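S.K.: Just the structure for this:
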Amino acid sequence: MIEFQATYFDGKTSRSQPVTISFDGLSLKIRGEAWSTPRDVPLRNCTIDPPLGKGPRAIKLPDGALCETGDLSAVEELERRQRGHGGMHFVHLLESRWKSAVACLLLLLLSVVAFIFYGVPFLAARAADSVPQDLMEKITRQTLGVLDKQFLEPSELSQTRMSEIDTLLKEIAVEVDPKTRYQLGFRKGGTLGSNAFALPSGLILVTDELVALSRSDRELAGLLVHEITHVKRRHALRHILQSTGVFVLIATLAGDIASITSLAASLPAVLIESGYSRKFEAEADREAGLYLIEKGWGTKPYRNLLKRLAESHPEHPGLSVFSTHPRTAERIEKLRDLEIHPDPRSSGGR
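M.R.: Numbers count the residues shown, from 1 in each chain. Down below sits the predicted model:
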């Protein structure tokens, strides 16, 4: 039997009186000096207030009366018998054991950080992979329209040179990513100068200035593999999705077309202003380097092109092939190391 002392309030006045409460397994028997007979109240009809630290506990009776006690262990036993307040009991444990509370808080923070750094990129990759080809072509058309209207001009390259580079792209694409149909577009860079852009559907734009800057087809081969990798691994879509938030990611995974097409408006800004992440640029560089190594050309042609690109855009914040995120010197050094210690696993199954 459970028995403990408490203070009784009738709920109608402010007066209180000491009582003794005992529990027989079904009901609370409340005895007070002013009562001739004890009150008998079924425990199932009572409400036990959740604990607050180590303060007194309150038991509310059906008629509005209340019993307050400092015998916390007795009330906890009543809670167990009543089979209630499981969640609040856990809260009470945390409040009474601050070390556990701090540990839970740290665990929560670590979970949030882990989700941001690992969960969101994972979801973004899954969401990008779920976007159908016809929708990527629509996004490409919208993006190309913005680029042509605001930044690029018609190409002045000769048809012969265009055909030569187009043939080079087709030869490379068959080896690197035969599942995707790649197309090459030429534009005069204008204010963007020497540059190249990989659009989601497989369209690769190359500026006249970049073609003029290159000194061999091997240099252009490294550039084209770099851009093909952005398409192959859907870097543009993943970059946008990672910055949109969890709800858009889930909507994209669920096939919400409206949410996906709304992303197209931000793609030109990614290509022109912010560029790809360090991770995506490193992946594209590595693919380009491995391709050139497998051909027996080494990474020097691509390294030379990167160096000249950086010198031609000293003021540019960096994007696509001449991104300074990571800085060009760092990228060139990694390509040199890759040539010394090539890692076949880095090619992503190419």
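S.K.: Tell me if I am right that Trp156 is in a strand.
M.R.: Wrong residue type there; residue 156 is Glu, not Trp. No - assignment of Glu156 by DSSP: H, G, I helix; E, B strand; the rest coil gives coil, placing it outside any strand.
S.K.: Now do the same contact list for it.
M.R.: 188, 208 (Cβ atoms under 8 Å, 6 or more residues apart in numbering). Just so you know, the C-beta spots here come from the backbone N, C-alpha and C atoms, and that holds for glycine as well.
S.K.: change it to 10 Å
M.R.: By Cβ atoms under 10 Å, 6 or more residues apart in numbering, the contact set of Glu156 is 186-188, 208.
S.K.: Quick check: the farthest pair among those residues?
M.R.: Maximum pairwise distance among the contacts of Glu156 (Cβ to Cβ): 8.3 Å, between Phe186 and Lys188.
S.K.: More neighbours: which of these two?
M.R.: More crowded of Phe186 and Lys188, by other Cβ atoms under 10 Å: Phe186, with 20 against 15.
S.K.: Output the below-cut-off pLDDT ranges for the stretch 1-150 of the chain.
M.R.: 83-98, 115-116, 119-120 (pLDDT under 70).
S.K.: err, the stretch 151-300 of the chain, not the other one
M.R.: 243-275.
S.K.: just the contacts of Glu156 now: which is nearest Gly11?
M.R.: Distances from Gly11 to those, taken by Cβ to Cβ, are shortest for Arg187, at 81.6 Å.
S.K.: Which segments of the protein make up each domain?
M.R.: If you go by automatic domain parsing, the domain ranges for the chain are 2-96, 115-347.
S.K.: now these as CSV including distance to Val102?
M.R.: Shown next, in CSV, are these (distance: least, Cβ to Cβ, whole Å):
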stretch, distance to Val102
domain 2-96, 9
domain 115-347, 20
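S.K.: highest average neighbour count across those domains?
M.R.: domain 115-347 (a mean of 18; mean count of other Cβ atoms under 10 Å).
S.K.: from the middle of its chain, how far away would that one be?
M.R.: Centroid displacement of domain 115-347 relative to its chain, using Cα atoms, centre = their mean, to the nearest Å, is 21 Å.
S.K.: ok so, going back, so which of the domains of the chain comes closest to Leu108?
M.R.: Taking those one by one with Cβ to Cβ, domain 115-347 is closest: 10.7 Å.
S.K.: Need the residue in the chain that's farthest from the chain's center.
M.R.: The C-alpha centroid of the chain is most remote from Ser36, which lies 68.5 Å away (Cα atoms, centre = their mean).
S.K.: where does it fall, phi/psi-wise?
M.R.: Backbone torsions of Ser36, given as degrees, to the nearest 10, read phi -80, psi -30.
S.K.: same check, this time on Gly64
M.R.: Dihedral pair for Gly64: phi 100, psi -10, per degrees, to the nearest 10.
S.K.: Nearest residue to it in space, please, no chain neighbours.
M.R.: Of all residues not flanking Gly64 in the chain, Gly11 sits nearest, at 3.6 Å (Cβ to Cβ, 6 or more residues apart in numbering).
S.K.: One more: Asp10?
M.R.: Asp10 sits nearest to Ala65 (Cβ to Cβ, 6+ apart), 5.2 Å away.
S.K.: and the helix or strand harbouring Leu110, what does it pack onto?
M.R.: Assessed by DSSP states H and E, Leu110 sits inside helix 98-114. Contact partners of helix 98-114 among helices and strands, from 3 or more Cβ pairs under 10 Å, 6 or more residues apart in numbering; DSSP states H and E: helix 86-96.
S.K.: How are the helices of the stretch 251-350 of the chain distributed by residue range?
M.R.: Per DSSP state H, counting those that start in this stretch, the stretch 251-350 of the chain carries helices over the ranges 257-261, 267-269, 278-294, 300-312, 328-340.
S.K.: which secondary structure element contains Thr167?
M.R.: With DSSP H and E as the criterion, Thr167 is inside helix 159-176.
S.K.: roughly how far is stretch 49-63 from the heart of the chain?
M.R.: 43 Å.
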